[in-house]
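> starting from these lines, generate the structure:
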Amino acid sequence: MTMGSAAAVDAALAAAPVVAILRGLAPGEAITVVEALHDAGIRAAEVPLNSPSPFEAIALLCRHFGDRMVIGAGTVTDSRDVDRLADIGARICVAPNCDLAVIARAAARGMVPMPGVASPSEAFRAYEAGARWLKYFPAGEAGLATIRALGPVMPKDARFVAVGGVGAANAATFLGGGCDAIGVGSELYRPGMAVEAIAAAARALVAAATTPLPRPPALITNPGATISESPLLDRTGETLLFVDPVLSALHHVRLSDGSATSVATDVPVNAIGWRGETLIGLADEAIVELDPATGAARMLVVVDVGSGCRFNDMTIDANGTAWAGTMHRGLLSGRGALFRIDAANRAARVCDGLGVCNGIAMTADHTQLYLVDTLSRTLIRFPVLNGGEGVGEPVIVSDFMGLAGKPDGMALDAAGHPVVAMWGGAGVVELGSDGALLRHHALPAPHVSSLCIDAAGDLLVTTSRMRLTPERADATGSGGLYRIARG
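Take a look at the predicted model:
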């Protein structure tokens, strides 16, 4: 070994503060799996001793990776196993408990002990026995609170690894809240998991763990919108427009100082978009031209959207084509549809069998169309055919499993990644193009309805008061416009 174990572990977790927990890893797949983790940027992994043939898998990984990865063992509860691990090249000795004999033996054999602690007393005992990296297990929010409190009183060279209830969705919270690294298991690897899925999960986890914790959302203004939809920057980029279809209102917010005005629209408008210099509105069963100053609406085309249905959301591409989605007013499944309405206002139904169409967005190269189906709780992607003449067979990008709330409005960022508002989930999620969770942004308001992205990459997020008591709406800032800085 060209680097001592302590220095190697410090360097590995400085590069990416993640310890991969590979419970159940078999020797036959060990190198392939860990190569995928390494390619994603992870530099530390442990194989729990209750895995099949763990010593064989660990020895194989130590020989293959050398100094490229720090390899160790987990679930080490017997000090007699420590010598065998040291002899095959393991550098980390991870335990679920605070066993002083295991700590002492690992330190004596030049390994880095990572004992499990769950209280201040155990943390201090483990440190006094020679452990400098302390695995706080199980972590969760209560564990994070304890780690925050322990930080100022523990010796300065003590380090905490949070394990249990930690993953890509909350990595930044833990790492920004006093933890020095996180240990992640089943989110990252499970026996039988495809190597492509392992690689995608590892990339998402590294991105979440190495991205600085975002600044808290800032309330720009609160016009008290019942439902705030379709935020859209004006042509100067200095004013944000968004609609409230319940109150038939079009809001104008000057972003520099948060000053807000609103005008009544002639008809309820569910979404807005620019067709060149013209503001287009999506009414229940029509496309209208909308005067942003007065709210006056001029009918462009009435569309047969089907019995009991109405338009709900849209995007307008660079050719002036509106891609507009519908929903059934009674929320019946399979009654929603996607329409294509070209610049000459000729309408065609291009996809049936949807639920509640929301969050429609086109990629910059006009090859892919994203659509949120709130009713089925899915993010769908369509290939765009023949330069925009229609769409092809869709695929489900995400089912938002494990995330609170229902997906609602959406935008695509500069990298083409979907950013989705979670109605009832008090947050916004950033996803990879493969659906992997990249980042979660919490907001104080429970009903997050939509968002857009400004030139700096910041998120401008609208929230709603619908189905909240006035007292709760006021207390949570619901109905307001928020900025989430991502720079």
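
> C-terminal to the helix or strand where residue 60 lies, what's the next element?
According to DSSP states H and E, residue 60 maps onto helix 54-65. Counting by DSSP H and E, the next helix or strand C-terminal to helix 54-65 is strand 70-74.

> so what touches that following strand?
Strand 70-74 is contacted by residues 5, 8-9, 12, 21, 23, 34, 43-49, 54, 58, 61-62, 65, 81, 85, 89-96, 111-112, 114 when judged by CB atoms under 8 Å, 6 or more residues apart in numbering. For every residue, glycine as well, the C-beta is placed using N, CA and C.

> for stretch 279-288, the distance to its chain's centre please.
Its chain's C-alpha centre and that of stretch 279-288 lie 32 Å apart, by CA atoms, centre = their mean, to the nearest Å.

> that one: end-to-end distance?
By CA to CA, to the nearest Å, the extent of stretch 279-288 from end to end equals 9 Å.

> and residue 142, what element?
helix 140-150.

> what's the answer for residue 416, then?
Per DSSP H and E, there is no helix or strand for residue 416.

> need phi/psi at it.
Residue 416 adopts backbone torsions of phi 80, psi 10, taken as degrees, to the nearest 10.

> and the residue nearest to it when sequence neighbours are not counted, how many neighbours?
In space, and not counting its chain neighbours, residue 416 is closest to residue 363: 5.4 Å by CB to CB, 6 or more residues apart in numbering. Here the count is done by other CB atoms under 10 Å, and residue 363 has 15 residues near it.

> show residues contacting the helix holding residue 142.
So helix 140-150 is contacted by 118-120, 123, 136-137, 139, 160, 162, 164-165, 173-174, 177-179 (CB under 8 Å, 6+ apart).

> what does the helix or strand where residue 472 lies rub up against?
Here residue 472 sits within helix 470-476, counting by DSSP H and E. Helix 470-476 is contacted from outside by 224, 444-446, 465, 468, 478-479, using CB under 8 Å, 6+ apart.

> ok so, going back, are any of the contacts of strand 70-74 buried, and which?
The neighbour-count test (16 or more other CB atoms under 10 Å) applied to the contacts of strand 70-74 identifies 5, 8-9, 12, 21, 23, 34, 43-49, 54, 58, 61-62, 65, 81, 85, 89-96, 111-112, 114 as buried.

> which residues does stretch 117-125 contact?
By CB under 8 Å, 6+ apart, the residues outside stretch 117-125 that reach it are 98, 100, 115, 126, 134-138, 143, 146, 149-150, 153-154, 158.

> hey, C-alpha coordinates of that stretch in CSV?
Extracted in CSV, the C-alpha atoms of stretch 117-125 (Å, rounded to 0.1, in the frame of the first residue of the first chain):
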residue,chain,number,x,y,z
VAL,A,117,-22.7,4.7,17.9
ALA,A,118,-26.1,5.8,18.9
SER,A,119,-25.5,8.1,21.8
PRO,A,120,-23.1,10.7,23.1
SER,A,121,-21.7,8.2,25.6
GLU,A,122,-21.0,5.6,22.9
ALA,A,123,-19.4,8.3,20.7
PHE,A,124,-17.0,9.3,23.4
ARG,A,125,-16.2,5.7,24.3
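
> tell me how far it lies from the chain's centre.
32 Å.

> show me which positions of it end up buried.
Neighbour-count burial for stretch 117-125, counted by 16+ other CB under 10 Å, picks out 117-118, 122-125.

> show me where the stretch 201-350 of the chain has its strands.
Ranges of strands in the stretch 201-350 of the chain, per DSSP state E, counting those that start in this stretch, are 218-221, 229-233, 239-244, 249-254, 260-264, 271-275, 278-282, 286-290, 297-302, 309-316, 322-328, 336-341, 347-354.

> now the fourth one against strand 271-275, angle please.
In other words, strand 249-254. For strand 249-254 against strand 271-275, the angle by axes from the mean of the first three to the mean of the last three CA atoms, to 10 degrees is 60 degrees.

> for strand 249-254, packing partners?
Counting contacts by 3 or more CB pairs under 8 Å, 6 or more residues apart in numbering; DSSP states H and E, strand 249-254 is packed against strand 239-244, strand 260-264.

> circling back to that earlier point, now tabulate the strands of the stretch 201-350 of the chain in CSV and tack on mean pLDDT, distance to residue 30 and mean neighbour count.
Shown next, in CSV, are those (pLDDT from 0 to 100; distance: least, CB to CB, whole Å; neighbours: other CB atoms under 10 Å):
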stretch, mean pLDDT, distance to residue 30, mean neighbour count
strand 218-221, 96, 47, 16
strand 229-233, 97, 48, 23
strand 239-244, 98, 52, 24
strand 249-254, 98, 55, 20
strand 260-264, 97, 58, 15
strand 271-275, 98, 51, 21
strand 278-282, 98, 54, 24
strand 286-290, 98, 58, 22
strand 297-302, 97, 61, 14
strand 309-316, 98, 46, 23
strand 322-328, 98, 46, 26
strand 336-341, 98, 46, 24
strand 347-354, 97, 44, 16
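
> can I get these in JSON lines with distance to residue 453?
Shown next, in JSON lines, are the strands of the stretch 201-350 of the chain (distance: least, CB to CB, whole Å):
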{"stretch": "strand 218-221", "distance to residue 453": "15"}
{"stretch": "strand 229-233", "distance to residue 453": "9"}
{"stretch": "strand 239-244", "distance to residue 453": "11"}
{"stretch": "strand 249-254", "distance to residue 453": "15"}
{"stretch": "strand 260-264", "distance to residue 453": "20"}
{"stretch": "strand 271-275", "distance to residue 453": "15"}
{"stretch": "strand 278-282", "distance to residue 453": "19"}
{"stretch": "strand 286-290", "distance to residue 453": "22"}
{"stretch": "strand 297-302", "distance to residue 453": "27"}
{"stretch": "strand 309-316", "distance to residue 453": "13"}
{"stretch": "strand 322-328", "distance to residue 453": "18"}
{"stretch": "strand 336-341", "distance to residue 453": "23"}
{"stretch": "strand 347-354", "distance to residue 453": "25"}
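
> looking at the ones you listed, which is closest to residue 29?
Comparison of the strands of the stretch 201-350 of the chain against residue 29 by CB to CB identifies strand 347-354 as nearest, at 39.2 Å.

> what strands line up against the closest one, and which way round?
Strand 347-354 pairs in its sheet with strand 336-341 (antiparallel), by DSSP bridges.

> what's the angle between the helix holding residue 60 and strand 70-74?
In terms of direction (the same axes, to 10 degrees), helix 54-65 departs from strand 70-74 by 170 degrees.

> going forward, begin numbering at 21 instead of 1
With 21 as the first residue, the last one maps to helix 74-85.

> tell me which residues are up against helix 74-85.
Taking CB under 8 Å, 6+ apart as the rule, helix 74-85 contacts 45-47, 50-51, 54, 58, 65, 67-69, 71, 89, 91-93, 104-105, 108-110.
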